[in-house]
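Peer 1: What follows is a predicted structure for the sequence shown.
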Amino acid sequence: MSSDILLKLENLRCAYSKDRPIFSDVDLIVNKGDVFAIVGRSGGGKTTLLKCVSHMAVYEGNVLLWGRKPTEYGIPNYRTKVLYVPQRPSLLPSTPRAFIRQICAYGSRKRSEEGFDNERAAIELGESWSLNSEVWERPWTSLSGGEAQRAFLAIACTLKGTEILLLDEPTSALDASTAHTVETHLAALPESSDSSIKAILWITHSEEQTKKANRLIKVAGGVEEQQLPQDA
Ligand SMILES: Nc1ncnc2c1ncn2[C@@H]1O[C@H](COP(=O)(O)OP(=O)(O)OP(=O)(O)O)[C@@H](O)[C@H]1O
């Protein structure tokens, strides 16, 4: 296996009801440095695909990270390496700052985060996205959709040990200008020496975001890799 192959999906199939798979026969290779845009109609299975990759949905076939199954890493360790970021932090208790402390205390995260100031890194990244620093001390439930989305993403982007970031419409609550700033940062992460992130799979309904990717897959009754549009 080439050392550039980060993730491999082999013969993947997922069905919530027995006879009607959301997708089947999915084979895909994700290389180091890839930024995938995942597009397709609503209800086509995009989120389900990311949930299979993060081992949050039941599937048949293989998901291999560096050639090894999630169970070989142990699921908490695997999910530390392959991080699914939902659109919004729904129903989180407490504040963004308390949330950082809580996830960095998990056994699977502890080793990667040692000696690194996560709170400071996330707050500084948030500032570069025009996120007011007082937001970190407020309950999640009091934040606007865009504030919560930026705080959540800033945390996800600055965690150490993540190798693949799975983003579910990460900028859906942001205005166009802020979305552009955030998306430019996200797309550059796999090439950044400051980040452990080596590839991103990114669900989007936006043509603008698709232009920031180097590969494109369409999920609609199946999963198909397509050519990026010419001007991308
Ligand atoms: N836990 C579940 N149990 C049963 N059906 C489910 C479950 N989760 C998703 N589905 C169904 O599977 C299909 C694919 O859902 P999924 O969320 O993956 O689509 P999507 O492409 O991400 O849609 P959207 O663009 O609207 O977010 C939908 O018909 C959805 O209703």
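Peer 2: Everything's here; your move.
Peer 1: State the next helix or strand along the chain beyond the helix-or-strand element of the chain with minimal mean pLDDT.
Peer 2: Least confident helix or strand, the chain: helix 107-113 with a mean of 66, by mean pLDDT, DSSP states H and E. On the C-terminal side of helix 107-113, the closest following helix or strand by DSSP states H and E is helix 118-128.
Peer 1: Show me which positions of the next helix-or-strand element following that following helix end up buried.
Peer 2: Heading C-terminal from helix 118-128, the first helix or strand you meet, by DSSP H and E, is helix 145-158. For helix 145-158, burial by neighbour count (16 or more other Cβ atoms under 10 Å) applies to 146-158. To be clear about C-beta, it is placed using only N, CA and C from the backbone, and glycine gets the same treatment.
Peer 1: same deal with stretch 202-210?
Peer 2: 202-204, 206, 209-210.
Peer 1: tell me the contacts of the residue nearest in space to the middle of the chain?
Peer 2: Nearest residue to the geometric centre of the chain (Cα atoms, centre = their mean): residue 166, 2.0 Å. By Cβ atoms under 8 Å, 6 or more residues apart in numbering, the contact list for residue 166 reads 50, 53-54, 82-85, 200-201.
Peer 1: Let me know the helix or strand that it is in.
Peer 2: Secondary structure (DSSP H and E) places residue 166 in strand 164-168.
Peer 1: and the nearest residue to residue 48 once chain neighbours are set aside, what is it in contact with?
Peer 2: Nearest residue to residue 48, sequence neighbours excluded (Cβ to Cβ, 6 or more residues apart in numbering): residue 22, at 5.0 Å. By Cβ under 8 Å, 6+ apart, the residues touching residue 22 are 14-16, 45, 48.
Peer 1: By neighbour count, which of these wins?
Peer 2: residue 45 (23 neighbours; other Cβ atoms under 10 Å).
Peer 1: Which pLDDT does the model give that one?
Peer 2: Here the pLDDT value assigned to residue 45 is 95.
Peer 1: and what of residue 40?
Peer 2: pLDDT at residue 40 comes out at 94.
Peer 1: Verify the stated contact: it with residue 220.
Peer 2: Yes: with contact defined as Cβ atoms under 8 Å, residue 40 reaches residue 220; the gap is 4.2 Å.
Peer 1: Between those two, which is the more surrounded one?
Peer 2: residue 40 (19 against 15).
Peer 1: would you list every one of the strands in this structure?
Peer 2: 5-14, 23-31, 35-39, 60-65, 82-85, 164-168, 199-203, 215-219, 223-226 (DSSP state E).
Peer 1: Nearest spatial neighbour of residue 79, chain-adjacent residues omitted?
Peer 2: residue 54 (6.0 Å).
Peer 1: could you list every residue that touches the one you found?
Peer 2: Going by Cβ under 8 Å, 6+ apart, residue 54 touches 79, 82-84, 166.
Peer 1: Let me know the distance separating residue 10 from residue 4.
Peer 2: Residue 10 sits 17 Å away from residue 4, taking Cβ to Cβ, to the nearest Å as the criterion.
Peer 1: mind putting the contacts of residue 22 in TSV, distance to the ligand included?
Peer 2: Shown next, in TSV, are those (distance: Cβ to the nearest ligand atom, whole Å):
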residue	distance to the ligand
14	9
15	9
16	4
45	4
48	3
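Peer 1: what does the protein put close to the ligand?
Peer 2: Residues of the chain lying near the ligand by Cβ under 6 Å from any ligand atom: 16, 22, 40, 42-48.
Peer 1: let's see 5 Å
Peer 2: Applying Cβ under 5 Å from any ligand atom, we find that the chain lies next to the ligand at 16, 42-48.
Peer 1: Quick check: phi and psi on the residue nearest to residue 48?
Peer 2: Per-residue torsions, residue 22: phi -70, psi -40 (degrees, to the nearest 10).
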